[in-house]
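Give me a 3D structure for the following:
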Amino acid sequence: MIFWHVGGALFLGRWVFRDPSMDLRVLVFGAILSDLIDKPIGSVVFVDRFETGRIYAHTLLFAVLVLFSVMTLTKRGGAARKRWLALPIGVFFHLLLDMPLDATTLFWPVLGLEFPAFAEGALADLIAYLLRSPWVVLQEVVGLGYLIALYRRMQLGEPGRRKQLIETGRLPV
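This is a model prediction of the structure:
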């Protein structure tokens, strides 16, 4: 669900923080980080063990550890902290956008050490499940719709404006 997470994180980040200096590249990376970590581990490499693509990086513990890492590795009031705080924000937005996420996963390891199975587990089965689910398709359409609207509103078809976004992580004014 890439469009849902990218579009949703951009919408929420811009709406909640209203900070035109937020590095949207880092926010988007944070919004897809959980899936970049968990989908290969749980749905491909260790599919027989987990039977799900929602494991460690889909927990509040992971989000808090990312936040803690940014806070300890960056200097208070510094530009690096301001930029990299968008990473845990993106991770938290991912968890929010994945709702209803199973409480056993979200609060792992407090509610137990096992992760509940989600869909069929294997990557091909997971993709087939996602494509058959009207809710998932609707979420992807909404996310893509927001991205298209943002692209048009910010006139990102113009090379200079697109270059500014890519180089700075900020939308042109």
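
quick one: the helices in the protein?
2-17, 24-40, 47-50, 60-73, 79-84, 86-97, 103-106, 123-132, 134-153, 159-168 (DSSP state H).

Need the CA coordinates for stretch 154-173. CSV is fine.
Presented in CSV, the C-alpha positions along stretch 154-173 are these (Å, rounded to 0.1, in the frame of the first residue of the first chain):
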residue,chain,number,x,y,z
MET,A,154,2.3,22.6,-6.5
GLN,A,155,2.9,22.6,-10.3
LEU,A,156,5.5,19.9,-10.0
GLY,A,157,5.3,19.2,-13.7
GLU,A,158,7.7,22.2,-14.0
PRO,A,159,11.3,20.9,-13.9
GLY,A,160,12.6,23.7,-11.7
ARG,A,161,9.8,23.1,-9.1
ARG,A,162,10.3,19.4,-9.1
LYS,A,163,14.1,19.8,-8.8
GLN,A,164,13.6,22.0,-5.7
LEU,A,165,11.5,19.3,-4.1
ILE,A,166,14.0,16.6,-4.9
GLU,A,167,17.0,18.6,-3.7
THR,A,168,15.5,20.2,-0.5
GLY,A,169,12.6,17.9,0.4
ARG,A,170,10.4,21.0,0.5
LEU,A,171,7.5,21.9,-1.7
PRO,A,172,8.0,25.0,-3.7
VAL,A,173,6.1,28.0,-2.5
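
mind showing which ranges of the chain have poor pLDDT?
118-126 (pLDDT under 70).

Go through the helices of the chain and pick out the most buried.
helix 86-97 (a mean of 22; mean count of other CB atoms under 10 Å). The way it works is simple: take the backbone N, C-alpha and C, and place the C-beta from them, glycine included.
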